[in-house]
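>>> this is a predicted model, with the sequence first.
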Amino acid sequence: MSLTGSDLRNLVLAALALGICALLPLSGSGYWLGLGVTIAMFTALATSWALFSGPTHYISLATAAFFGVGTYVTGLGIDSLPYWGLIGIAGAIGAVLAALVGLATLRLSGVYFVIFTLGLAELVRQVITWVQNNSGQKGLYVLTDLDEAGIYWWLLGLVTAVFVTGWLIGRSRLGFALRIIGDDETVAAHSGINTARAKVLLFMVPGAVAAMTGAILAPRYVYIEPSLAFAPILSFQVVIMALLGGASRLWGPLVGVIPFTFLLEAVSANFPNQSTLVIGVAFLIIVYFLPNGFVGLLDRALTRTGHRREA
Amino acid sequence: MDILITGILLGGTYALIAIGLNLQYGVARIMNLANGEILVAGGYLAFIAYVSLQLSPLLTIFLVAPLAFALNWLIYRVMLQPLVNRAKTRGQLETDSILATFGLSFIGVGLMLGFFGGDYFSYSFMAVPLQLLGSTYGANRVIAFCMAVLICGALYLWLNRSRAGLSIRAIATAPASARLVGIDVKRLSALAFALGGAVTAVGGALISTYLTLDASTGVVFTLKALIIVIMGGVGDVRGTIVAALLLGIVETAVASLLDPGLTLAAAYILFLGILLFRPQGLFGKTTT
């Protein structure tokens, strides 16, 4: 593991950007801090999503399920365990759950995986509702002395961890194997890569991250109930943001998260009933006009200017 | 016994919806995730016709079917054909069509929310008890089941006896080779996709006679239809019917013995079983 000069420069720049982001709560504006929490949340979710779906091209819709499980871990354990411990537990549960889903579906074709994850949030929600009905409990209160700034810093820490993990995977044997799988799965299998194992391992990353995000954000909801914690729309928002930015680069999803968060914010403030329509249109725009996201546009622009310079 | 019959009655309509999806996925190779919205739209139409014109849903389906056929044909020609043309691999087409039909599905939900609001809708059609093997069932369920059997039977005969059906089965089996024997794959794919949409919409109109629907329930039906198609095997009408009846029975059993809120869990247990033990489908042969 050796770092080149440009690696070092990027690291310093990233650390600087992180430092600036960490100062946001000091601005004292509740509105911007709230937006910052949303952006940090979607950055963690979309970046970890793209870590898996970028190389494998599998569309995972399980984010809401893992997220909900995470909020429930905090909701159930907040009275007996420290907050940071719960985040860790949520991450472990998310990873195990992802491994189970992956083991059941990723050995087969990608379609099974999509369908399975499509209903996963709804499935977990039904089961939890059923358990709650039988135990006579309706929802959970999460009362902490954590304020919005605290949640923001925790999320920022998670985002940093996601980026570091993504960077390390990119440099590891697993990352190399995944790039080959993404290019041509048959070739990968023939060169001795256990493709199912690599995919399951990688799928554990977004599982753990989404569960941890849910665990961190639970105090913000104060009152947790299944229909809130497992809102399936979250999975779709994450897919759109990641693909809008571009799943082929580590920083790609970030480029999609920021504009789409503002767009959704504006739409829900002005036309509260039209957000499903906006999500639908966003899907179509991605498929028909931005198949590689903003990153793809940028790459194309760069190669074009590069060609011109050569000519 | 009650559970068995109620389950079979429910499964009949499921079979219709799943055959619609199977035509779209098996022949046109489009995993249509907007299928459930077409179903809900069919239900809406039946609801409006019944409430404002007192038109029986059994007549409305003759209006629903051509409308849905035309709409799905347009969707395929305008939106999905370009994806088929540009896709280099099967995997890429799958990803693209999944994303595009998700978009359509959300737009469908958004439009229906805009026009009809988010309320549940239901109407009372033939809600009279009917004696059957010593127990009573809603006449609407029995009629919906009979219609589903009729339509499934007609489709089965058409696919297995007619020239067009033969071509469609050829495309489902080997799309590349079908072109070599002079089958117009593009035209028939569009036809199969449109037909699948029409069948699903009719299923929606039938199901609306005894189930309560709302603008956003579509995705649940999409999911169930997908699970049935995978269980029965892609492009296999017989397997689809068996799988649909199985799902209907298991779901009714879970709903009446455990909790009505756990129906999706029931579908998932079947799905998991298939994935783990028979990923090629109930009647599928292992491919090497």
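All right, it came through fine. Numbering: from 1, shown residues only, chains lettered A, B, ... in the order given.
>>> which of the residues in the host helix or strand of B:L246 are buried?
Per DSSP states H and E, B:L246 falls inside helix B:237-257. Using 16 or more other Cβ atoms under 10 Å in any protein chain shown as the test for burial, helix B:237-257 gives B:237, B:239-252, B:254-255. Heads up, the C-betas are built off the backbone N, CA and C, glycines and all.
>>> how about the residues of the stretch 101-250 of chain A by chain B?
A:104-105, A:108, A:110-112, A:114-116, A:118-119, A:122-123, A:126-127, A:129-130, A:133, A:232, A:236, A:239, A:243 (Cβ under 8 Å from any Cβ of the partner chain).
>>> give me the buried entries from these.
A:104-105, A:108, A:110-112, A:114-116, A:118-119, A:122-123, A:126-127, A:129-130, A:232, A:236, A:239, A:243.
>>> narrow these to those in strands?
Among those, no member falls in strands (criterion: DSSP state E).
>>> so the spatially closest residue to A:A50 that is not a sequence neighbour: helix, strand or coil?
Distances taken as Cβ to Cβ, 6 or more residues apart in numbering or on different chains put A:A247 closest to A:A50, at 3.9 Å, once the chain neighbours are dropped. Secondary structure for A:A247, judged by DSSP: H, G, I helix; E, B strand; the rest coil, is coil.
>>> now the one 3 residues further on
The three-state label for A:L250, taken from three-state DSSP, comes out as coil.
>>> right, and it touches A:G170 too?
Yes. Between A:L250 and A:G170 there is a contact at 6.8 Å, judged by Cβ atoms under 8 Å.
>>> mind checking if the helix or strand of chain A with the lowest mean pLDDT is in reach of chain B?
Lowest on mean pLDDT, DSSP states H and E among the helices and strands of chain A sits helix A:293-310, with a mean of 75. No. Judged by Cβ under 8 Å from any Cβ, helix A:293-310 stays clear of chain B, getting no closer than 12.0 Å.
>>> go through that helix and flag the buried ones.
A:G293, A:F294, A:V295, A:G296.
>>> JSON lines for those, including distance to B:Q280?
JSON lines is the format used below for the buried residues of helix A:293-310 (distance: Cβ to Cβ, whole Å):
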{"residue": "A:G293", "distance to B:Q280": "35"}
{"residue": "A:F294", "distance to B:Q280": "40"}
{"residue": "A:V295", "distance to B:Q280": "38"}
{"residue": "A:G296", "distance to B:Q280": "36"}
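>>> show me which of those residues is closest to A:P259.
In terms of Cβ to Cβ, no member of the buried residues of helix A:293-310 lies closer to A:P259 than A:F294, at 8.5 Å.
>>> if we can go back for a sec, helix or strand right after the helix holding B:L246?
That would be, after helix B:237-257 and using DSSP H and E, helix B:263-277.
>>> what residues does the stretch 51-200 of chain B have near chain A?
For the stretch 51-200 of chain B, the residues in contact with chain A (Cβ under 8 Å from any Cβ) are B:79, B:82-83, B:91-92, B:94-96, B:98-100, B:102-111, B:113-114.
>>> would you write a ChimeraX line that selects the buried entries of the residues you listed?
ChimeraX command restricting these to the buried ones, with burial defined by 16+ other Cβ under 10 Å:
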select /B:79,83,91,94,95,96,98,99,100,102,103,104,105,106,107,108,109,110,111,113
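>>> next step: the residues of the stretch 51-200 of chain B next to chain A restricted to strands.
Members of those lying in strands (criterion: DSSP E): none.
>>> just the residues of the stretch 51-200 of chain B next to chain A: which are in helices?
Judged by DSSP state H, those include B:82-83, B:91-92, B:94-96, B:98-100, B:102-111, B:113-114 as members of helices.
>>> how much space between the residue nearest the centre of chain A and A:G70?
When Cα atoms, centre = their mean is applied to chain A, the residue found nearest the centroid is A:L45 (1.6 Å). Counting by Cβ to Cβ, to the nearest Å, the gap from A:L45 to A:G70 is 11 Å.
>>> who touches both of the two?
A:A210, A:T213 (Cβ atoms under 8 Å, 6 or more residues apart in numbering or on different chains).
>>> where along the stretch 1-150 of chain B do the strands fall?
B:129-132, B:135-138 (DSSP state E, counting those that start in this stretch).
>>> show me where pLDDT drops low in the stretch 51-200 of chain A?
Applying pLDDT under 70 to the stretch 51-200 of chain A flags the ranges A:138.
>>> where along it do the helices fall?
Taking DSSP state H, counting those that start in this stretch as the criterion, the stretch 51-200 of chain A carries its helices at A:63-77, A:83-105, A:110-135, A:148-171, A:173-183, A:185-190, A:195-221.
>>> out of those, which gets nearest to B:G182?
helix A:110-135 (29.9 Å).
>>> run the angle between that closest one and helix A:63-77 for me.
On the basis of axes from the mean of the first three to the mean of the last three Cα atoms, to 10 degrees, helix A:110-135 is oriented at 30 degrees to helix A:63-77.
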